[in-house]
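>>> no sequence on this one, just coordinates:
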């Protein structure tokens, strides 16, 4: 076997010219890092290297993954759109690895479609009201909800963070954003009910909402609206109020 020195690591060429992830120093091995720190700790090239398993000649699997991404436009999106023949042309990939890469993207696409079908898409205040209305029906105490959204406004999680608070200042930012950070949500909708039926916001509602908007900016999570849900009446045909539409954010 031949030992080859690169600027920051030593790789060992295997019979047949293959370079394995196991040849990398332990702190650079994607599989070990994924096991220890989770997939979110790995870059695109490292995750792709786990699929590739081996590199070629003096290129590790991580190096080969970087080459492949660069060849196909520099992003996972352009890589996912690449034709099988285009992938196979990259030195060190070949038809077998190209098929495996396309299969991985196909599975990811199917999973995304299944998830999107199961999760409501909340694009308007009316969508939020329709989603929460039945759950609020008959409630005699206020419930403050945080609706966590993905970039396409599909619901990731609906979390009730407080129940029955008379003083809205007791809704703390740490309770509102803790779940959103855990879910990796990029934006949230706030919502609560008014059992009295009148969805008009109180001064405390407005003050609390503006404070949460500011806190969201600090943690990098956008508060896109706050919806109050009440009841219709003889003089009120819409049972909700949007802070954004009322210019109260």
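All right, it came through fine. Treat the numbers as computed from the prediction; the structure is a model and nothing was measured. Residues are numbered from 1 along each chain as shown.

>>> next, the buried residues of stretch 217-232.
Using 16 or more other Cβ atoms under 10 Å as the test for burial, stretch 217-232 gives 221, 223-231. (Glycine included, C-beta is placed from N, CA and C.)

>>> which parts of the protein are strands?
3-6, 9-12, 143-149, 155-163, 187-193, 222-229, 240-242 (DSSP state E).

>>> and those strands: which comes nearest residue 49?
Distance to residue 49, taken as Cβ to Cβ, is lowest for strand 9-12 among the strands of the chain, at 13.2 Å.

>>> now do the closest one, average pLDDT.
Strand 9-12 carries an average pLDDT of 44.

>>> residue 215: which of the strands of the chain is closest?
Residue 215 lies closest to strand 222-229 among the strands of the chain, at 8.4 Å (Cβ to Cβ).

>>> and the residue nearest to the spatial centre of the chain, backbone torsions?
Computing the C-alpha centroid of the chain and ranking residues by Cα atoms, centre = their mean puts residue 184 first, at 4.7 Å. The phi/psi pair for residue 184 (degrees, to the nearest 10) reads phi 60, psi 40.

>>> wait, residue 228 touches residue 202, no?
No. Using Cβ atoms under 8 Å, residue 228 is not in contact with residue 202; the gap is 9.3 Å.

>>> re earlier: ok, of the buried residues of stretch 217-232, which one's closest to residue 149?
When the buried residues of stretch 217-232 are compared against residue 149 (criterion: Cβ to Cβ), the nearest one is residue 224, at 7.7 Å.

>>> number of nearby residues for the closest residue to the closest one other than its chain neighbours?
Spatial nearest neighbour of residue 224, chain neighbours left out: residue 187 (5.2 Å); criterion: Cβ to Cβ, 6 or more residues apart in numbering. Number of residues near residue 187 (other Cβ atoms under 10 Å) recorded here: 17.

>>> need the helix or strand of this protein with the lowest average pLDDT.
Among the helices and strands of the chain, strand 3-6 carries the lowest confidence by mean pLDDT, DSSP states H and E, at a mean of 41.

>>> please report how far the residue nearest to residue 224 lies from residue 228.
Distance, residue 187 to residue 228, by Cβ to Cβ, to the nearest Å: 19 Å.

>>> which stretches of this structure form helices?
In the chain, the helices defined using DSSP state H lie at 30-37, 44-52, 61-71, 76-81, 84-88, 94-118, 125-136, 173-182, 203-219.

>>> care to break the protein down by domain?
3-117, 125-242 (automatic domain parsing).

>>> deepest of these, which one?
Highest mean neighbour count among those (mean count of other Cβ atoms under 10 Å): domain 125-242, with a mean of 17.

>>> now do the same end-to-end measure for it.
End-to-end distance of domain 125-242 (Cα to Cα, to the nearest Å): 6 Å.

>>> now do the contacts for the closest residue to residue 221 other than its chain neighbours.
Excluding its sequence neighbours, the residue lying closest to residue 221 (Cβ to Cβ, 6+ apart) is residue 180, at 5.2 Å. Neighbour list for residue 180: 146, 148, 188, 221 [criterion: Cβ atoms under 8 Å, 6 or more residues apart in numbering].

>>> I'd guessed the third one sits against residue 219; true?
No. Taking Cβ under 8 Å as the contact criterion, residue 188 and residue 219 are not neighbours in contact, 10.4 Å apart.

>>> between these two, which contacts overlap?
residue 177.

>>> and residue 224, what's its pLDDT?
For residue 224, pLDDT reads 97.

>>> you'd agree it is up against residue 189?
Yes. The criterion here is Cβ under 8 Å, and residue 224 meets it with residue 189 at 6.0 Å.

>>> what do these two both touch?
Listed as contacting both residue 224 and residue 189 by Cβ under 8 Å, 6+ apart are residue 149.

>>> mind checking how far the closest residue to residue 177 other than its chain neighbours is from residue 176?
Closest residue to residue 177 apart from its sequence neighbours, by Cβ to Cβ, 6+ apart: residue 219 at 5.4 Å. Look at residue 219 and residue 176: by Cβ to Cβ, they are 10 Å apart.
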